[in-house]
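1. Sequence and predicted structure are below.
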Amino acid sequence: MAQANNNVRVTIVSSGAINTNLLDSVTNAEMKAGFEDFYAQYGISAERVALTIKQAIDLPEDAAWNEVVIRPSNQVM
């Protein structure tokens, strides 16, 4: 979506397993252990997401990505 008159571009970024400190907020020990195993196997760095967002920002002014889904290539969908 874009607001051409205001020079605003909007991109939806959806992600799969990204290694962040989000798991620190999980209080159930069993769930946390499961998530940690999953992220250890599949998680990619937050920097990968940041680089993708930078690419969206750096597109020419007359182009926009409406939606981006970034996930580890080995993560089952």
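-> Right, received. Where do you want to start? Numbers count the residues shown, from 1 in each chain.
2. what pairs with V8 across the strands?
-> Q3 (DSSP bridges).
3. Next one: it relative to M31, how far apart?
-> 39 Å (C-beta to C-beta, to the nearest Å). Backbone N, C-alpha and C define where each C-beta goes, glycine included.
4. Do a quick rundown of the helices in the protein.
-> 29-42, 46-57 (DSSP state H).
5. Pull up the distance across stretch 58-71, start to finish.
-> One end of stretch 58-71 sits 21 Å from the other (C-alpha to C-alpha, to the nearest Å).
6. picking that back up, which one, of the helices of the chain, ends up nearest to S73?
-> Among the helices of the chain, the nearest to S73 by C-beta to C-beta is helix 29-42 (9.4 Å).
7. centre of the chain versus that closest one, how much separation?
-> 18 Å (C-alpha atoms, centre = their mean, to the nearest Å).
8. And the helices of the chain: which comes nearest V76?
-> Closest among those, using C-beta to C-beta: helix 29-42, at 8.4 Å.
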